[in-house]
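> Okay, predicted coordinates and the sequence, questions at the end:
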Amino acid sequence: MAEYKGVMIFGEATEGKLASIATELLGCGRKLADDLGQELSAVLVGSGISNLAQEAIAFGADKAYVVDDPLLKDYQTDSYVSVMEKVVGQVMPQVLLLGQTSIGRDLAPRLAFKLNTAASLGCLELAIDPESKLLLQTKPVYGGNAQAVFVCASYPQIATVRAKAMAPLEPDKSRKGEVITIDAGLDPSAIRTKVLEKVAEKVEGIRLEDAEVIVSGGRGIGSVEGFQQLEELARMLKGAVGATRPPCDNEWVPAGAQIGLTGKIVAPDLYIAVALSGSSQHMSGCSGSKTIVAINKDPEANIFREARFGVVGDWKKALPTFTEKLKELLAG
Amino acid sequence: MNMIVCIKQVIDPEAPPASFKIDPSSNKVVPPAGVSPIIDPYAEYAVEAALKLKDALGGKITAISLGTNQLRDIAKKPLAMGADELILLEDESFDEGDSWSTAYALAMSIKKLGDYDIIFCGREASDWNAGQVGSGIAELLGLPSVTLAKKIDITDGKARVERVTDEGYEVIELSLPALITVSNEIGEPRYPTIKGIMAAKKKEAVIWKPADIGVEVSQLGAAGRHTKLLKLFQPVREGKCEIVEGESPEEAAANLALKLREAKIL
Ligand SMILES: Cc1cc2nc3c(=O)[nH]c(=O)nc-3n(C[C@H](O)[C@H](O)[C@H](O)COP(=O)(O)OP(=O)(O)OC[C@H]3O[C@@H](n4cnc5c(N)ncnc54)[C@H](O)[C@@H]3O)c2cc1C
Ligand SMILES: Nc1ncnc2c1ncn2[C@@H]1O[C@H](COP(=O)(O)O)[C@@H](O)[C@H]1O
């Protein structure tokens, strides 16, 4: 009987290049594969994505499996699950890693159930248990109040990994690897969904994920106008504006500004948290920030357990002077 | 429109983080004293999604909840919001399941119910943040699914679902029956009305045991798990916050700016 062997990562692409999450998965997968003494492979699924194979190899893969088919242009549950079932059946990896993205969140659990195995979503740490050789999957639970370590004894062990939890390797263009094409073999009639439209929310200025400074507001900001003041500060610091969930639900800011467990994961140098309480669900999206600074009127707010510096007081009074003073200091 | 909504009872995720405790000997969370459990917030968004369709098209909503010692008043909240029936899967053998055993029991219950157009789940429950039960049910029942829905329209027996993506959203069309997991962008769940609360009081939940859904207990709860929990722990926070003082919030804020500059953070 064939044996399950090796580590495989599912490599997503953005704008014709490997997505940063894919390079992070390769970095983590490389280490796991070395610990197991096995190969690391990348699977690239899409339309017109063959050129990514060399990139995946440069970032650490020993092999790249390419499934290139016009039917795979858009992510769709049925087509991608079907392709991944085929790839896993052919390659038989022990470990399969995906990104905790809108694709990974959908694909990983459905594939796991299809393959009669299990997945852990949103992992922060992955390691090989030295004795059992099983994958130790550490993920936040209870909204980040706790972390859990799971193992799964059936193969492939599937996990999705949160953005910025793992570090990519320096790409090495001279690395050699094998590129293998796999035929998608899709039956169009078995794809039960149709993508009618894709809408990208335009972001002005710096993307949250790339920003070195983030000014984030919570429920206490209270209005669109309030957020304009945060924007002013963000602009001055060449940063971006983020938010907790209530401002997004209230449409003071676009939904894409949400940071946290069910929003974006960010890790800027400086995170300025204004009028947000520091719920665990929010903090799980920004606790990787180098320095957190808080302005909140409630001295008992949880954010003061997370922040390095804090001001207790009404943000409406504190923020304008803070912005003014910084402007002065940065100019001088 | 015949709809099923899966809901779960959980420890209130908005309880103060300082009240969160783990019993390391059993790898279990100690429910905080004096804080009542609630319906998992995303499942409540799922109820809201179903109610919106019921408002527009009419139909019936059946809520299903799996767990032991579920508080009746809380379990009945979907009824008070406007759902029509409540089924509780309550038996010790359902205990300590993972996504697999939970999805399996729910899928088999839904199979028994038979007649449905849409099954709704939340995108992820606030306790284990697994984010899998919806997809699992869909796979076990062989249904098409859309996850992370923020808007749902039905026309000519087809669903058009706006699905939240990392870039924005996409519009997906699919035929029914189908499974949909719901995100918070669907809109705030409605409050139960007095009339709804009264009606819910009069309704009895239907209790199902493993035999009622025709499953072996070896597939359920702890016995049916595919994953093992090795450890549950609270990450340590060593951070110490320096509260920057001042005569007024304005002065404190100016001092904060100076501090950040001094510490070369900016
Ligand atoms: C499964 C799940 C997933 C979730 N995912 C996310 C997520 O990804 N991101 C997220 O953010 N939330 C998420 N939430 C919601 C989360 O639990 C909290 O409800 C939310 O983060 C609270 O936002 P907040 O801090 O802005 O509001 P609150 O907790 O209401 O805090 C408002 C704060 O503002 C302060 N304040 C008010 N007025 C002023 C003023 N004038 N000056 C100074 N301070 C003031 C108050 O003292 C208070 O501390 C999730 C919840 C669940 C259950
Ligand atoms: N025990 C349960 N009973 C009913 N529904 C559940 C249960 N567990 C999970 N669900 C449903 O599945 C969704 C996602 O849960 P999870 O996959 O556990 O994060 C929840 O929002 C519910 O809709």
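That came in fine, so what should we check first? Ligands and ions are numbered 1, 2, ... in the order given.

> Using the record's domain definitions, break chain B down for me.
For chain B, the domain assignment from automatic domain parsing gives the residue ranges B:2-224, B:236-266.

> Columns mean neighbour count, mean pLDDT and distance to ligand 1 on top of the ones you listed, output as JSON lines?
Yep, even glycine has a C-beta here, placed from its N, CA and C like the rest. Shown next, in JSON lines, are the domains of chain B (neighbours: other CB atoms under 10 Å in any protein chain shown; pLDDT from 0 to 100; distance: least, CB to the nearest ligand atom, whole Å):
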{"stretch": "domain B:2-224", "mean neighbour count": "20", "mean pLDDT": "96", "distance to ligand 1": "4"}
{"stretch": "domain B:236-266", "mean neighbour count": "16", "mean pLDDT": "92", "distance to ligand 1": "9"}
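
> Tabulate these in JSON lines, adding columns for distance to ligand 2.
Output for the domains of chain B, formatted as JSON lines (distance: least, CB to the nearest ligand atom, whole Å):
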{"stretch": "domain B:2-224", "distance to ligand 2": "2"}
{"stretch": "domain B:236-266", "distance to ligand 2": "25"}
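
> Serialize those domains to a markdown table and add fields for distance to chain A.
Converted to a markdown table, these look like this (distance: least, CB to the nearest CB, whole Å):
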| stretch | distance to chain A |
| --- | --- |
| domain B:2-224 | 4 |
| domain B:236-266 | 3 |
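
> quick one: the helices in the chain?
You didn't pick a chain, so chain A it is. A:20-36, A:52-58, A:77-91, A:104-114, A:224-236, A:245-249, A:280-283, A:303-306, A:315-331 (DSSP state H).

> sorry, should have said chain B
Going by DSSP H, chain B shows helices at B:41-57, B:72-75, B:77-81, B:99-113, B:133-141, B:194-202, B:249-262.

> now for those, which one comes closest to residue A:69?
helix B:133-141 (22.4 Å; CB to CB).

> got the angle for that closest one vs helix B:41-57?
Helix B:133-141 and helix B:41-57 meet at an angle of 70 degrees, taking axes from the mean of the first three to the mean of the last three CA atoms, to 10 degrees as the criterion.

> what sits up against helix B:133-141?
For helix B:133-141, contacts defined as CB atoms under 8 Å, 6 or more residues apart in numbering or on different chains pick out A:106, A:109-110, A:113-114, B:6, B:99-100, B:102-104, B:106-107, B:110-111, B:119, B:121-123, B:125, B:143-145, B:147, B:178-181.

> likewise stretch B:66-76?
Counting by CB under 8 Å, 6+ apart, B:6-9, B:36-39, B:65, B:86, B:88-92, B:94-95, B:97, B:102, B:105-106, B:200-201, B:203, B:205 sit against stretch B:66-76.

> Filter those residues down to the ones in strands?
Mapping those onto strands (DSSP state E) picks out B:6-7, B:9, B:38-39, B:65, B:86, B:88-89.

> May I ask which two of those residues are separated the most?
Spatial extent of the ones in strands among the contacts of stretch B:66-76 (CB to CB) is set by the pair B:38 and B:89 at 18.6 Å.

> distance of the residue most central in space within chain A from residue B:125?
Most central in chain A under CA atoms, centre = their mean is residue A:163, positioned 2.8 Å from the mean C-alpha point. For residue A:163, the distance to residue B:125 equals 22 Å [CB to CB, to the nearest Å].

> Repeat that for residue A:188.
Counting by CB to CB, the gap from residue A:188 to residue B:125 is 35 Å.

> nearest residue to residue 32 other than its sequence neighbours?
You didn't pick a chain, so chain A it is. Once flanking residues are discounted, residue A:32 sits nearest to residue A:7: 5.0 Å by CB to CB, 6 or more residues apart in numbering or on different chains.

> sorry, should have said chain B
residue B:19 (4.1 Å).

> what sits against the residue in chain A positioned nearest to chain B?
Residue nearest to chain B within chain A (CB to the nearest CB): residue A:313, separated by 2.9 Å. Listed by CB under 8 Å, 6+ apart, the contact set of residue A:313 reads A:295, A:297, B:248-249, B:252-253.

> mind pulling up the phi and psi values for the residue nearest to the centre of chain A?
phi -60, psi 140 (degrees, to the nearest 10).

> Go ahead and confirm it touches residue A:20.
Yes - counting by CB atoms under 8 Å, residue A:163 touches residue A:20, with 7.3 Å between them.

> Find the residues that touch each one of those two.
With CB under 8 Å, 6+ apart as the test, residue A:163 and residue A:20 both reach residue A:209.

> Identify the bridge partners of the closest residue to residue B:64 other than its chain neighbours.
Distances taken as CB to CB, 6+ apart place residue B:87 nearest to residue B:64, at 4.7 Å, with adjacent residues excluded. Applying DSSP bridges to residue B:87 yields these beta-bridge partners: residue B:64, residue B:206.

> Distance check, residue B:87 against residue B:126.
22 Å.

> now residue A:226
27 Å.

> one step back: to residue A:127, which of the helices of chain A lies closest?
helix A:20-36 (7.5 Å).

> do you know which of the helices of chain B lies nearest residue A:67?
So among the helices of chain B, helix B:133-141 is nearest, using CB to CB, at 20.6 Å.

> and the closest one, how far from the chain's centre?
15 Å (CA atoms, centre = their mean, to the nearest Å).

> Over to stretch B:128-146?
On CA atoms, centre = their mean, the centre of stretch B:128-146 falls 13 Å from the chain's centre.

> Export that stretch to PDB, keeping only CA atoms.
Coordinates of each C-alpha in stretch B:128-146 appear next as PDB, following Å, rounded to 0.1, in the frame of the first residue of the first chain:
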ATOM      1  CA  TRP B 128     -13.600  26.800  19.800                       C
ATOM      2  CA  ASN B 129     -13.500  29.000  16.700                       C
ATOM      3  CA  ALA B 130     -13.500  25.900  14.600                       C
ATOM      4  CA  GLY B 131     -15.200  27.300  11.600                       C
ATOM      5  CA  GLN B 132     -16.000  23.900  10.200                       C
ATOM      6  CA  VAL B 133     -19.300  22.500  11.200                       C
ATOM      7  CA  GLY B 134     -21.200  24.200   8.300                       C
ATOM      8  CA  SER B 135     -18.800  22.900   5.600                       C
ATOM      9  CA  GLY B 136     -18.900  19.500   7.300                       C
ATOM     10  CA  ILE B 137     -22.700  19.200   7.200                       C
ATOM     11  CA  ALA B 138     -22.700  20.300   3.600                       C
ATOM     12  CA  GLU B 139     -20.100  17.600   2.700                       C
ATOM     13  CA  LEU B 140     -21.800  14.900   4.700                       C
ATOM     14  CA  LEU B 141     -25.100  15.700   3.000                       C
ATOM     15  CA  GLY B 142     -23.600  16.200  -0.400                       C
ATOM     16  CA  LEU B 143     -24.900  19.700  -0.700                       C
ATOM     17  CA  PRO B 144     -23.400  22.800  -2.400                       C
ATOM     18  CA  SER B 145     -22.300  25.400   0.000                       C
ATOM     19  CA  VAL B 146     -21.300  29.000   0.300                       C
END
